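Novice: How does the following fold in three dimensions:
(2 chains)
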Number of protein chains: 2
Amino acid sequence: MLKAVQILGWSSGLTISQRLTKTRKSSSSTFISTSTINPLNLFTSSSSPRRILCFKNLTTRMSSSRPGSDPVPNSPTFVSVQSAGDVRKIKFCQWCGGPTKHEIPDGEEKLRAICTHCDKIAYQNPKMVVGCLIEHEEKVLLCKRNIQPSHGLWTLPAGYLEVGESAAQGAMRETWEEAGATVEVISPFAQLDIPLIGQTYVIFLAKLKNLNFAPGPESLECRLFALDEIPFDSLAFSSIYVTLNLYLEDLKNGKLKFHYGTINKRPGSSPSDIRAFTLDYHLQP
Amino acid sequence: MLKAVQILGWSSGLTISQRLTKTRKSSSSTFISTSTINPLNLFTSSSSPRRILCFKNLTTRMSSSRPGSDPVPNSPTFVSVQSAGDVRKIKFCQWCGGPTKHEIPDGEEKLRAICTHCDKIAYQNPKMVVGCLIEHEEKVLLCKRNIQPSHGLWTLPAGYLEVGESAAQGAMRETWEEAGATVEVISPFAQLDIPLIGQTYVIFLAKLKNLNFAPGPESLECRLFALDEIPFDSLAFSSIYVTLNLYLEDLKNGKLKFHYGTINKRPGSSPSDIRAFTLDYHLQP
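Specialist: Prediction:
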């Protein structure tokens, strides 16, 4: 489950109302535009095992890139990244109750909340969202959300990883909670980072152990969708949209692979702007 | 960098003083014993793309397993996992300063710290440790730690992912901080969960952009090691030990792959007990 209170300020939810398809490709960048074509045609295959893709909407050109093409670090300023969005909201020490100050500690680069009594630092780190892409007789299992954000939209069963469980265990737990389904995890499928909101999606391919499934409290409905009936126009999150498209592309190419990528929101865009993201640094083993 | 204060109680540090090698394999389990043989012989190849390996020490037999072989969930009790180790140490709300109570909220399964004033829940989630396995002319770059835990032992450059960066960016940042090296991330190599301490290692294969590297403040020394000279007897963490062994195995088999796995500490063992882990749920795309 995804609890709004646990999210760093807001959700990654994107209401997908338009479809994306690749329209132009060059050696250095890939351009993608909105369309309503068959999802199985969303991607073209690549001969490179370490290829790069870039999602974008029709109106904005954006080059794909990979981590190695970032500015070369030549000084400690390289290590600076933007401060966590809500570090200033941490006003008290959760261990001793003392008030915090907000400073960059010696030897660090980022603004932190530091207790003025016990000197402990309240670090903030990205959270992992773990889930399952469940295959069953050329169909996939989706859940219609009964909670905000993205109430009424479709998603893969997924939620925050808890301390004490592995990612695979967490993905199975979330699948049980949201879809009442007992699954076997087959293999890792995707890691998709969303830096702006401090989330990383880890999605596993899985299969049903039996055909018993039913919506949990956080789902309105759970349903197996044929591949050409996946409701791309009403998916809950950009991460799910990307995952399902990569899955269809892999099927089209005859081989399921592992995908690493970064979903970057367009600067200044609204969290609900479904077209405001690119898939960067798409890497594969 | 790995800051002790950021760790959930204690570190995953394992001082590797003995080598592991597979000694027996059956259809349902794999047994591994301590040895001092060539690291390139640590593993045998597997014909299955979704194989399972299990590390263990000589004295304790332990079957390998995969997520799907866990007890079948047939009630909400399935979703229970052990409470976060230090939830009771959260005594105050970091947002309003109110004292917390420790209860299982309605609709949840785990003990949480809940503010008695504003009702907010202080969720605790696993942290991602990101790093680089840097290849250069059949050598790999390692850093000798200048900080605790595992001071004086060798590791890959790695540290906690920060909010605002992708895993690949974080891995490059840590490599710059700890080894002064500018690298290009090539591909994802491993995700290794350590549930007991709430950490997930995400390791990328990378290459040097140039030969300039030097130890940062947290490193005593940085050095390129030939593959048969990797100091397996003085590695800092079990996760690094596993990563390097999987790398050598892949090289031996002629193909670098992506590895997902869970490093489980043996129940009741000390954090410093280097032999007290198994690699479970080893899955590949």
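
Novice: Stretch A:142-157 near chain B anywhere?
Specialist: No: no part of stretch A:142-157 sits near chain B under the criterion C-beta under 8 Å from any C-beta of the partner chain; the closest distance found is 10.7 Å. Every C-beta, even on glycine, is put in place using the N, C-alpha and C of the backbone.

Novice: which residue sits closest to residue A:88, ignoring its sequence neighbours?
Specialist: The shortest distance from residue A:88 to any residue other than its chain neighbours is 5.6 Å, reached at residue A:102 (C-beta to C-beta, 6 or more residues apart in numbering or on different chains).

Novice: For the stretch 51-200 of chain A, which segments count as helices?
Specialist: A:167-179 (DSSP state H, counting those that start in this stretch).

Novice: tell me the contacts of residue A:125?
Specialist: Contact analysis of residue A:125 by C-beta atoms under 8 Å, 6 or more residues apart in numbering or on different chains lists A:198, B:6, B:125, B:127-128, B:160-163.

Novice: can you do 10 Å?
Specialist: A:84, A:198, B:6, B:125-129, B:160-163, B:170 (C-beta atoms under 10 Å, 6 or more residues apart in numbering or on different chains).

Novice: Scan these and report the most crowded one.
Specialist: residue B:170 (30 neighbours; other C-beta atoms under 10 Å in any protein chain shown).

Novice: Could you chop chain A up by domain?
Specialist: As assigned by automatic domain parsing, chain A contains the domains A:4-67+A:126-283, A:87-122.

Novice: Can you list the low-confidence ranges for chain A?
Specialist: Low-confidence segments of chain A (pLDDT under 70): A:1-85, A:270-275.

Novice: again, 50 this time
Specialist: Chain A contains residues with pLDDT under 50 at A:1-84.

Novice: Does the longest strand seen in it reach chain B?
Specialist: Secondary structure of chain A per DSSP state E: the longest strand is strand A:183-194. Yes: counting by C-beta under 10 Å from any C-beta of the partner chain, chain B has neighbours in strand A:183-194: A:183-194.

Novice: Scan those residues and report the most crowded one.
Specialist: residue A:193 (29 neighbours).

Novice: Report the contact partners of that residue.
Specialist: Contacts of residue A:193 (C-beta under 10 Å, 6+ apart): A:126, A:199-202, A:239, A:260-264, A:280-281, B:128, B:130, B:161, B:165-170, B:202.

Novice: Show me where the stretch 151-285 of chain A has its strands.
Specialist: In the stretch 151-285 of chain A, the strands defined using DSSP state E, counting those that start in this stretch lie at A:154-155, A:158-160, A:183-194, A:199-208, A:219-226, A:259-265, A:277-283.

Novice: Can I get these in CSV including distance to residue B:222?
Specialist: Converted to CSV, those look like this (distance: least, C-beta to C-beta, whole Å):
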stretch, distance to residue B:222
strand A:154-155, 44
strand A:158-160, 36
strand A:183-194, 27
strand A:199-208, 28
strand A:219-226, 50
strand A:259-265, 25
strand A:277-283, 25
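
Novice: The residue of the stretch 101-250 of chain A at minimum distance from chain B pairs with what?
Specialist: Closest contact between the stretch 101-250 of chain A and chain B, by C-beta to the nearest C-beta, is at residue A:184 (2.7 Å). Beta-bridge pairing of residue A:184 under DSSP bridges involves residue A:207.

Novice: Could you do residue A:129 as well?
Specialist: Assigned bridge partners for residue A:129, using DSSP bridges, are residue A:160, residue A:201.

Novice: give the contact list for it.
Specialist: Contacts of residue A:129 (C-beta under 10 Å, 6+ apart): A:2, A:7, A:12, A:158-161, A:167, A:170-171, A:174, A:192, A:194, A:199-203, A:237, A:239, B:125.

Novice: you'd agree residue A:240 is up against residue A:132?
Specialist: No: counting by C-beta atoms under 10 Å, residue A:240 stays clear of residue A:132, with 11.6 Å between them.

Novice: More neighbours: which of those two?
Specialist: residue A:132 (32 against 27).

Novice: So residue A:123 is in contact with residue B:162, correct?
Specialist: Yes: the pair residue A:123 / residue B:162 is scored as a contact, 8.6 Å apart, by C-beta under 10 Å.
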